[in-house]
Structures are given as structure tokens and as C-alpha cells.
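1. here is my input; please provide its structure:
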Amino acid sequence: MISIKRLLAALLALLFVAAVSSCEHVIVLDDDDDILFDDDDDITPSDDDDAVLGTSSVAGIVFDAHGAVLSDVTVSILGSEASTLSDSDGRFLLENLPAADRAIVTFRKDLYARTSAPLAIIEGNENAIIQRMALIDHIFFFDALEGFTFTDDSSLKLELPSNNIVDSAGKSYAGSVVAEVTVYDLVSPNEQGNELLATPGDFTAVNAAGENKTLESYGMVQINLLTPSGADLQLGSSSAVIRLPVQSLGTPPEIGDEISAWSYDEAQGKWVEEAVGTVAEFEGELVWEFSAPHFSTWNCDRPISTHGCLTGRVTDSQGSPRGGATVRAVGITYISTTTSRTGQDGSFCLEVKNGETVWAEISYSIAGQIATQRTDPTVIPAGQASCSLGEGTCVDLGEIPVDIQTCVTGIVINNQNIPQADVQVFSPQGGLATTDNDGAFCMTTTVFQDTAVYAQSQLDGILYQPVEAYTQPGTPNCQGGCPNLVILRPYVDTSCAHGNVVINGNGASVLVSVYDNNFPAAAIGSTLSASDGSFCASVPANVSATLQVGVEPDICGSETVSLDNFAGSACGDTGQSTAGSECYPLEDFNCNI
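-> The predicted structure is shown next:
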């Protein structure tokens, strides 16, 4: 027998640093397309940001239980030819899919437990899903004719009868069998590898009477049997005994309790009640034991008898609805999950257990870029409520804005094309970074928006011309490359303007800020007036600019200038105007504060 214990996955990050030149236009090769970025002009695609070419698609990311992305995961739609592999960032995209009320998305990777998720594929949407996968706990080999009893270092036990293995056609199999066993960790903290979100499907089920139920789990195990070449095998006519440790976040079951055994039916994407197990004690621990008629993923569950519900509306940051988002309610004080999709109006409703605490995870996609966030924990009050009784009976989370993040990368250079280190780069639309020794930077911002990028000038420092670009999808953590590339350089021509500040009848030292009126959201430069109120500020030439004296809320005044005929003029070394200079004269700023 060979047993392989669980391995801890690690995320390897590769920082992509783009080399850029001083050309007017830069062609950036993304994963699939050539995208033209102009560092001076606004680039706006002709399609709406939610438009998806062809039919519907499914986009997502695959992680392990510790949050590391998983590459080379085979992602497929059950019963179709749609299939792809996750890339080095764990991302995948299945395109040209027909709309479906309930499609089953499957995930397969060697050494990881099989999993799948039911998903409504909404026509015309890029449907989003985030999936976790659990490492297989044990892999062992045995002879089919001899059978085997497997135990681990806890209370897990698996009794495999002799001469009781059949192939996919139901014919008796004699030979070596590979067994894969995964006991899902349903109770550890998330940062310690909780595998609740790696289990197949959610906890919706069909009981023996054919009624739809929502389950609360007390333990789960997946067992797969294979030939050495990887073909699936199954139990024959005899059942196998499974003993499983009991897990609980609330009140545990008691010794002697009978709890149903539910197997996961991947074709339905639901759990099916098939057997009954009994809670017992083994070496001081609660265990649950039953006879499994076949192998798949088995769940020790009780149906939730009293329901509450959770509603909300998913939007973007501007309040527009986000249809096609996946919303999952995750129990904090009990073990269960339920899943819903947002309609075109962004609304959702989730069945949950009343009297318990849950949080919701929202996932949304644009062009293969996934946004995901969790809500704060929410206590569901006692009293019967459900989506079927009307959303007015539910706990309402209200409007939940979800933005898709991307990256902007680039370089800051001076007039001699020399990279500038330690320059702060920012965007009023969101994003902040500092250039490294090579003048390079990368910052996170929101995708599909006009984004102005500024290099923050020091007092009396270089004036860098802002750049605007329409952001395309990329990795928000700046790993694996970034399609949004900009070059920040000084204005070609600068001049200067001088004046005086008088506050309450006296000269005063006040901040004077310079704005490029083409980029009015933030200042491009600044200076301080001297103690007598005099100042001289560097101003871009051949550009409409505004000088503002003071800061909010104490703005003394402002004046707009266009220094077309003053290019080349400069302030004195002290930053103040000098006699005989050719700086533009401003009206005095007289303020009473």
C-alpha cells in the first residue's frame, strides 16, 4: 500500500516589468489580441463593457483551499464538448455556450479531489464562477480480488470487500485498484485551508421522497476507484463500510443518532438521499458509520427544517445592475452553502438557516477578469422565511457594488528619456504606486473606465504630463503581465507665472497649485508663496492651465492662463519671480480668511 498525505500548495508570483520606449504609440500583445494604446489620447472601445461576442460564456478562476491559483485544471461543461485548461493565473474562459437553466461545470486535476458546480448560463452574459479544489488526502493500491481495509491516523476507516470491483460496463474486475480518498475539512478557519468551498455543488438536495431540501453537513468524504491507467472503477454488488469523523460548527449530533447518507449526483448537481448511518464513539471521538452501495462523494447531513433567506442587489460602482453574478451564502455557525445567480436587475435570493450567521460571496466577470468579494457576517433572525414566501420576508443586504479590478503599468522618464525613481504615480479614479530604480510602476485600478494617470511633482519640481487610457482587463495584482501601458514624461515646453498673495491685508506663505485644464482632477505641480506673498510657479506652455491659491476649504482664488508665447521662461532658482523675468504676470490674490 502507498499512501500520499496532503501537500500544501504554494503560489509563485512572477512580476512582469514592461520595457518601453519614447514612441508615441505602443503596441501591447495581450493573451489573445493586439491592443493599441495611445499615451496621449483616450482609447474607448466601440462595444459596451458588458458585451460578449457570440453566445454566452463562463469565466472563472480556480484556487486550492489555501487560496493559491491552480493552473492546468481541466474545466468542462458536463454533457458537452466545451472544455479548456486554467492558465498560469488559474483563469479560464469557456465561450460560445448555449443558455441553460442548469449546466454542470466540472473541474479535474491530478492529485485533487473531483468537484463540480451547477451554474445557470444566462444568454448574452459572461457568467462568472470561482471554484476551490481540495488536495486528495490518501492514495493507496490494493488487489481487487483480496479487498482491503484502510484506516488513517484519525478515526477514518474504509472496508473494501474482496472480489467486489467492477468496471464502467459493470463487468467484474480483477487486478490492481487505485483508491483516492479525500476527507473534506469543513471546520478549520479559512486561512488554514477550510475546504467547504471545494466540495462538489452546494448543499441543495433531493430526499428519498423526491422532495427538494437544503442540507447541513456533519462530515464529507470522496472516494474514487481507478485502474492503474486511470479508468473509473466502482463497487460491485456488496456495499463498503465507511467510518467518518463527525464535524460540527454548532451543536453536534449525539451518540446513537441516525443521520442520512447523501451521495453527490454530478449529473443533477445535487445530493441524493441513499442510505442511513449511525453516530457512535471511537477512541473518544464522535464518528458516523454507514454502508455505501457505491463510491462517489458522500455527505453526512440533516435537512434544514427551519429556513431564513438572504437577498440583495449586485451593482457596479455607478449603481448599474450586474446580472449573471454568482452569489453564494456560506454558513459561519453551521456547515452549509447555497448558491444563486443575479438576474438582469442584479437581484438575488438565497435560502439559509434561520437563527445562524452567514456571509455572502459575490463573483462577477468581464472579459475573463473576475471580481469577487465577501460581505460582512449577517445574523439570520429566527422565524420561518424563504425565497418562495417572498423576498419581503428575507434579510436584505441592499445594494452591493462589485468592481472589476485591473492594472496600469508604465515608466516615468525625464526629457532625456532617463527613468526617474521614487516618483509617486496615482490616478484620481483609483490606484497608487511609486516608481522603482528603473522608473517602472504598476498600480491597481478599475477596468473599463477612462483612467487619468499622474506623476506627482514635488514642490517646484518637474511637471509631468498626465496620460489617459481606457483600461482593459488584466491581473489586478500586476502579476503575469498588464495590458495597460503608459509613459509619463515632462511637458515639452514650460513657462512660468508670478504673482502675490495677500491674506487679511498681509502677504502670506500659501500653497499655489497648477492644473492642466485637460486633466482637471488633480494638480500637476505646486509651489509655496514666500512670506511676503510673492510666488512664481512653473506652468506648462501651449496648454490652458489654472493656478489655484490655497487648499480646500480655504481657496483664496484661481486664474486661468494660456502661455502660448511664454515657452522657455523659467522661475529663478529660489522658485520666486526675479526682476526682468519673462514670466506671465498674474493679478494679485486678495483674500479675507
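2. ok, how many other residues are close to the residue nearest to residue 544 when sequence neighbours are not counted?
-> Residue nearest to residue 544 in three dimensions, not counting chain neighbours: residue 517, with 4.3 Å by Cβ to Cβ, 6 or more residues apart in numbering. Quick note: C-beta positions are derived from backbone N, CA and C, even for glycine. Using other Cβ atoms under 10 Å, residue 517 is surrounded by 13 other residues.
3. same question for residue 586.
-> With other Cβ under 10 Å as criterion, residue 586 counts 21.
4. ok, longest strand in this structure?
-> For the chain, the strand that runs over the most residues, judged by DSSP state E, is strand 212-226.
5. buried sites along it?
-> If you call a residue buried by 16 or more other Cβ atoms under 10 Å, then strand 212-226 has these buried ones: 213-225.
6. for those residues, work out which two are farthest apart.
-> 214 and 225 (29.9 Å; Cβ to Cβ).
7. gap between residue 314 and residue 400?
-> Counting by Cβ to Cβ, to the nearest Å, the separation of residue 314 from residue 400 is 5 Å.
8. out of the two, which sits in the busier spot?
-> residue 314 (28 against 19).
9. what is the helix or strand that one falls within packed up against?
-> Here residue 314 sits within strand 307-315, counting by DSSP states H and E. For strand 307-315, the packing partners by 3 or more Cβ pairs under 8 Å, 6 or more residues apart in numbering; DSSP states H and E come out as strand 326-331, strand 347-353, strand 357-366, strand 395-401.
10. avg pLDDT for the helix or strand just after the first one?
-> Scanning the chain past strand 326-331 towards its C-terminal end, the next helix or strand to appear is strand 337-341 (assignment: DSSP H and E). Mean pLDDT, taken over the full extent of strand 337-341, equals 92.
11. stretch 190-209 now?
-> On average, stretch 190-209 scores 93.
12. same check, this time on stretch 250-267
-> Computed over stretch 250-267, the mean pLDDT rounds to 96.
13. from the chain's centroid, how far away is that stretch?
-> 32 Å (Cα atoms, centre = their mean, to the nearest Å).
14. and the strands in the stretch 351-500 of the chain, which stretches?
-> 357-366, 369-374, 378-379, 395-401, 405-412, 424-426, 432-434, 440-446, 450-455, 467-470, 485-488, 494-503 (DSSP state E, counting those that start in this stretch).
15. which one of those lies closest to residue 182?
-> So among the strands of the stretch 351-500 of the chain, strand 357-366 is nearest, using Cβ to Cβ, at 22.1 Å.
16. go through that closest one and flag the buried ones.
-> The neighbour-count check on strand 357-366 (16+ other Cβ under 10 Å) flags 358, 360, 361, 362, 363, 364, 365, 366 as buried.
17. sheet-wise, list the partners of it with their directions.
-> The strands beside strand 357-366 in its sheet (DSSP bridges) come out as strand 326-331 (antiparallel), strand 369-374 (antiparallel), strand 378-379 (antiparallel).
18. most tightly packed of those strands?
-> Greatest average neighbour count among the strands paired with strand 357-366 goes to strand 326-331 (a mean of 24), per mean count of other Cβ atoms under 10 Å.
19. next, the angle from that strand to strand 347-353.
-> 20 degrees (axes from the mean of the first three to the mean of the last three Cα atoms, to 10 degrees).
20. low-confidence ranges, the stretch 401-550 of the chain, go.
-> Applying pLDDT under 70 to the stretch 401-550 of the chain flags the ranges 475-477, 479-480.
21. quick one: strands adjacent to the helix or strand encompassing residue 119?
-> Under the criterion of DSSP H and E, residue 119 resides in strand 115-121. Sheet pairing of strand 115-121 (DSSP bridges) gives strand 100-108 (antiparallel).
22. got the CA positions of the partner strand in PDB?
-> Output of strand 100-108 as PDB, limited to C-alpha atoms (Å, rounded to 0.1, in the frame of the first residue of the first chain):
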ATOM      1  CA  ALA A 100     -29.000  26.800 -19.900                       C
ATOM      2  CA  ASP A 101     -31.100  26.900 -16.700                       C
ATOM      3  CA  ARG A 102     -28.700  24.400 -15.000                       C
ATOM      4  CA  ALA A 103     -25.300  23.500 -16.600                       C
ATOM      5  CA  ILE A 104     -22.800  21.500 -14.600                       C
ATOM      6  CA  VAL A 105     -19.200  22.800 -14.700                       C
ATOM      7  CA  THR A 106     -16.700  20.100 -13.800                       C
ATOM      8  CA  PHE A 107     -13.100  20.600 -12.500                       C
ATOM      9  CA  ARG A 108     -10.400  17.900 -12.800                       C
END
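23. that one: which residues count as buried?
-> For strand 100-108, a neighbour-count test (16+ other Cβ under 10 Å) marks 100, 103, 104, 105, 106, 107 as buried.
24. could you dump these to TSV with distance to residue 347?
-> What follows is the buried residues of strand 100-108, written out as TSV (distance: Cβ to Cβ, whole Å):
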residue	distance to residue 347
100	20
103	21
104	24
105	23
106	28
107	28
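25. ok so, going back, now tabulate the helices and strands packed on strand 307-315 in CSV and tack on distance to residue 133.
-> Shown next, in CSV, are those (distance: least, Cβ to Cβ, whole Å):
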stretch, distance to residue 133
strand 326-331, 16
strand 347-353, 23
strand 357-366, 16
strand 395-401, 26
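26. worst mean pLDDT among those?
-> Across those, the lowest-scoring stretch is strand 357-366, with a mean of 88.
27. quick one: that strand to strand 395-401, angle?
-> Counting by the same axes, to 10 degrees, strand 357-366 lies at 30 degrees to strand 395-401.
28. chain center to strand 357-366: distance?
-> The answer for strand 357-366 is 10 Å, by Cα atoms, centre = their mean.
29. same check on stretch 244-253?
-> Counting by Cα atoms, centre = their mean, stretch 244-253 is centred 31 Å from the centre of its parent chain.
30. end to end on it, go ahead and measure it.
-> For stretch 244-253, the first-to-last residue distance is 13 Å (Cα to Cα, to the nearest Å).
31. what comes into contact with that stretch?
-> For stretch 244-253, the surrounding residues in contact (Cβ atoms under 8 Å, 6 or more residues apart in numbering) are 154-156, 183, 185-187, 217-221, 259, 279, 285-289, 298, 300, 331-335, 356.
32. buried set for that stretch?
-> Buried positions in stretch 244-253, judged by neighbour count with 16+ other Cβ under 10 Å: 244, 245, 246, 247, 248, 249, 253.
33. quick check: closest non-adjacent residue to the second one.
-> Counting by Cβ to Cβ, 6+ apart, the nearest residue to residue 245 once its immediate chain neighbours are dropped is residue 155, at 4.9 Å.
34. swap in residue 537?
-> In this structure, residue 537 finds its nearest non-sequential neighbour in residue 527, 4.7 Å apart by Cβ to Cβ, 6+ apart.
35. for that neighbour, what is the enclosing helix or strand?
-> Here residue 527, judged by DSSP H and E, is contained in strand 525-528.
36. tell me what that strand is packed against?
-> Strand 525-528 packs on strand 511-516, strand 534-540, going by 3+ Cβ pairs under 8 Å, 6+ apart.
37. please name the strands paired to that strand in the sheet, noting orientation.
-> Partners of strand 525-528 in its sheet, by DSSP bridges: strand 511-516 (antiparallel).
38. quick revisit: just send the buried residues of strand 212-226 back as CSV, with pLDDT and distance to residue 557 too.
-> Output for the buried residues of strand 212-226, formatted as CSV (pLDDT from 0 to 100; distance: Cβ to Cβ, whole Å):
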residue, pLDDT, distance to residue 557
213, 93, 70
214, 94, 65
215, 96, 68
216, 96, 67
217, 97, 67
218, 98, 71
219, 97, 72
220, 98, 69
221, 98, 74
222, 98, 71
223, 97, 77
224, 97, 75
225, 97, 81
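39. ok, so of those, who is nearest residue 193?
-> For the buried residues of strand 212-226, the closest approach to residue 193 (Cβ to Cβ) belongs to residue 220, at 14.8 Å.
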